[in-house]
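Colleague: got a sequence here, can you build the structure:
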Amino acid sequence: MVDVYEFWTIIVTLVMVKLCHWIYKWRNPTSNGKLPPGSMGFPIIGETLEFMKPHDAFQLPTFLTKKILRYGPVFRTSLFGARVIISTDIGLNMEIAKTNHTPGAPKSLARFFGENNLFIKSKESHKHVRNLTTQFLGSQGLRLRMIQDIDSLARTHMELGAKNGGLDIKETSSKILIECLAKKVMGDMEPHAAKELTQCWRCFPRGWFRFSWSIPGNGLYRMLEARNQMMNLLKETVLKKRASGEELGEFFKIIFGETKGGSETMSIENAIEYIFTFFVIANETTPGVFAATVKLINDNPKVKLELHREHKRIVRDKAEKEDANLTWEDYKSMTFTQMVINESLRITSTVPTMLRIVEHETHVGDFTIPAGWIFMGFPSVHFNPEKYEDPLAFNPWRWEVIFIYSSSILPYPKLNSIYLTYKLHFQGKDLSVILSRTYMPFGAGSRLCLGAEFAKMQMAIFIHHLCRYTWSMKTETTILRRFILMFPRGSHVQISEDTEVLDDSADH
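Modeller: From the prediction side, this is the model:
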């Protein structure tokens, strides 16, 4: 009996020693140099729960500000079961963005998009899909393929909302986006397939970043189930159309080399994964940012009035020409709207806009960032008072520029050397303004978001059609972030059908 007791005592002791050693190793990771300061939290869970606490969408998360005060602009932590370096240092962020090309994501997100997804597989595959996406969403593609459909859908949904007395901005912009992309990507779909595709979006939980365990009933399990359902639906539709000779959408024509005598550029399986990723990223970003933009406009009467003036002028000009459809030139003439969108993107970028896997050991001063760690770069420069006067204020006028006939551009003093990313036309000359290191809502480096111009165009057109009416957002609307934007009380806007902006009476 004594021998059995001693045996189990030894076993338990060894287990406890092993467990303590594991916890110690977790909390004190090793490297070839000195790691940045920080804490790793509990094993596996790390500091994920604190990191994912909801916070004001228009301010940096409390988790980040506390860590910066304690450890400085670069620190280590553990999130979603992975070792992570978080940085608010703009120089380091830009260096990592330029020298590392593999996107950093927790295992749950990698599994969600697929291990062979061309967006994340390699630098070469990513370059390939960037080239394809540029053909579809570059300025020429937007001008020829997208603006008319977005304009028509936005007009229809806003008119319906006005008749009903209002609409939910985020849900409506999501519907418009899905309808437009589905048509451009898949072509005409059978009604039941289109309905099933729409229902798939309802299955996605409101958060991507989750732990990597797939257990029946949990978030990751539901995400993977919805993904498989959508992938099968897309593949079935593509195969059926190709077998019957029906036309696919313009995007698939580009992918399969059916435009300008090209050759097929990827397999059907890779194409489906690419389209799926494209749909998810587009639908989970732009509608939320647009709803937040509407909230910011609603809370700033001077901004709202100036937008009404700008879009009333466009509506009046279109009425005189008897042409109701928006053109690329109309979009580019929305100067103040572009300023509003830039300011909204600045103030809503309170999450890391740059995620990378560190591909090689990197030295930062006295510290070493080991290869294999995830790097999260926060655009905290957006809230730096040295770069932006009164950074927490929503002030679109900080983006004003003076156009000089010589094609040079001089910023107002309050612009603080921040340059715009969009192109404006002045006296027959295209004025391109270089993106600086102080404004990065779409990331940086080789993985700069290709959908940036597409997202801004959608928002501008939505704003145009909304500003044709007298509207207001409910005062109880609140916006939080839990990595993605959250609207716990919805994003409902009341619209008056009988006050369409066609004359000066709308300027009140």
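Colleague: buried sites along the longest helix belonging to the chain?
Modeller: If you go by DSSP state H, the chain has its longest helix at helix 268-298. Within helix 268-298, the residues scored as buried using 16 or more other CB atoms under 10 Å are 268, 270-280, 282-298. All C-beta spots, glycine's among them, are computed from the backbone N, C-alpha and C.
Colleague: any stretches of the stretch 51-200 of the chain with poor pLDDT?
Modeller: Across the stretch 51-200 of the chain, the ranges flagged by pLDDT under 70 are 106-129, 136, 138-142, 144, 188-200.
Colleague: can you map out the strands along it?
Modeller: Ranges of strands within the stretch 51-200 of the chain are 55-56, 74-79, 82-87, 166-168, based on DSSP state E, counting those that start in this stretch.
Colleague: mind putting those into CSV with distance to Asn28 and mean neighbour count?
Modeller: Below are the strands of the stretch 51-200 of the chain laid out as CSV (distance: least, CB to CB, whole Å; neighbours: other CB atoms under 10 Å):
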stretch, distance to Asn28, mean neighbour count
strand 55-56, 29, 16
strand 74-79, 11, 23
strand 82-87, 12, 22
strand 166-168, 49, 18
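Colleague: now render those as CSV, adding distance to Phe251.
Modeller: Below are these laid out as CSV (distance: least, CB to CB, whole Å):
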stretch, distance to Phe251
strand 55-56, 36
strand 74-79, 34
strand 82-87, 33
strand 166-168, 28
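Colleague: ranges for the strands of the stretch 251-400 of the chain?
Modeller: Remark: strands assigned in the stretch 251-400 of the chain by DSSP E, counting those that start in this stretch are 354-357, 362-364, 367-369, 374-377.
Colleague: quick one, which of those is packed in tightest?
Modeller: strand 374-377 (a mean of 24; mean count of other CB atoms under 10 Å).
Colleague: look up the pLDDT of Thr259 for me, please.
Modeller: Thr259 is assigned 51 on the pLDDT scale.
Colleague: give the contact list for Cys449.
Modeller: Contact analysis of Cys449 by CB atoms under 8 Å, 6 or more residues apart in numbering lists Phe442, Gly443, Ala455.
Colleague: out of those residues, which are inside helices?
Modeller: Ala455.
Colleague: among the contacts of Cys449, name the buried ones.
Modeller: Of those, these count as buried by 16+ other CB under 10 Å: Phe442, Gly443, Ala455.
Colleague: so the second one makes contact with Met354?
Modeller: If I follow you right, that is Gly443. Yes - assessed by CB atoms under 8 Å, Gly443 is found in contact with Met354 at 5.1 Å.
Colleague: intersection of neighbour lists for those two?
Modeller: Common neighbours of Gly443 and Met354 (CB under 8 Å, 6+ apart) are Ala97.
Colleague: can you pull up the most central residue in the protein?
Modeller: Geometric centre of the chain, nearest residue: Thr285, 3.9 Å, by CA atoms, centre = their mean.
Colleague: how many residues are close by Lys387?
Modeller: 17 (other CB atoms under 10 Å).
Colleague: in space, what's closest to it - neighbours in sequence excluded?
Modeller: Of all residues not flanking Lys387 in the chain, Thr438 sits nearest, at 4.8 Å (CB to CB, 6 or more residues apart in numbering).
Colleague: assign that neighbour to helix, strand or coil.
Modeller: Three-state assignment for Thr438 (DSSP: H, G, I helix; E, B strand; the rest coil): coil.
Colleague: I'd assumed Val381 was in contact with it.
Modeller: Yes - at 5.1 Å, Thr438 counts as touching Val381 under the criterion of CB under 8 Å.
Colleague: what residues do the two have in common as contacts?
Modeller: Ile90, Lys387.
Colleague: ok, those two, which is more surrounded?
Modeller: Ranked by neighbour count (other CB under 10 Å), Thr438 and Val381 place Val381 first, with 22 against 18.
Colleague: how much space between the more buried one and Ile369?
Modeller: Val381 sits 20 Å away from Ile369, going by CB to CB, to the nearest Å.
Colleague: among the strands of the stretch 251-400 of the chain, which comes closest to Arg481?
Modeller: When the strands of the stretch 251-400 of the chain are compared by CB to CB, strand 374-377 sits nearest Arg481, at 14.4 Å.
Colleague: what helices and strands are in contact with that closest one?
Modeller: Strand 374-377 sits against strand 82-87, helix 90-99, strand 354-357, with contacts defined as 3 or more CB pairs under 8 Å, 6 or more residues apart in numbering; DSSP states H and E.
Colleague: rebuild those as CSV, extending it with distance to Phe252.
Modeller: Listed next are the helices and strands packed on strand 374-377 as CSV, based on distance: least, CB to CB, whole Å:
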stretch, distance to Phe252
strand 82-87, 35
helix 90-99, 31
strand 354-357, 28
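Colleague: what's the closest of these to Glu389?
Modeller: helix 90-99 (18.0 Å).
Colleague: any buried residues in that closest one, and which?
Modeller: Result for helix 90-99 [16+ other CB under 10 Å]: buried residues Ile90, Leu92, Asn93, Met94, Glu95, Ile96, Ala97.
Colleague: swap in stretch 307-315?
Modeller: Residues Leu307, His308, Glu310, His311, Lys312, Ile314, Val315 are the ones in stretch 307-315 that count as buried (16+ other CB under 10 Å).
Colleague: doesn't Leu233 belong to a helix?
Modeller: Yes - the assignment for Leu233 is a helix, going by three-state DSSP.
Colleague: could you shift the numbering so residue one becomes 35, and keep it that way?
Modeller: Happy to do that; since the first residue is 35 now, the last one works out to Leu267.
Colleague: which of the buried ones among the contacts of Cys483 has the weakest pLDDT?
Modeller: Ranking those by pLDDT puts Gly477 at the bottom, with 72.
Colleague: how much space between that residue and Asp90?
Modeller: 22 Å.
Colleague: related to what we said a few turns ago, ok, so of the buried residues of helix 124-133, who is nearest Leu426?
Modeller: Ile124 (18.7 Å).
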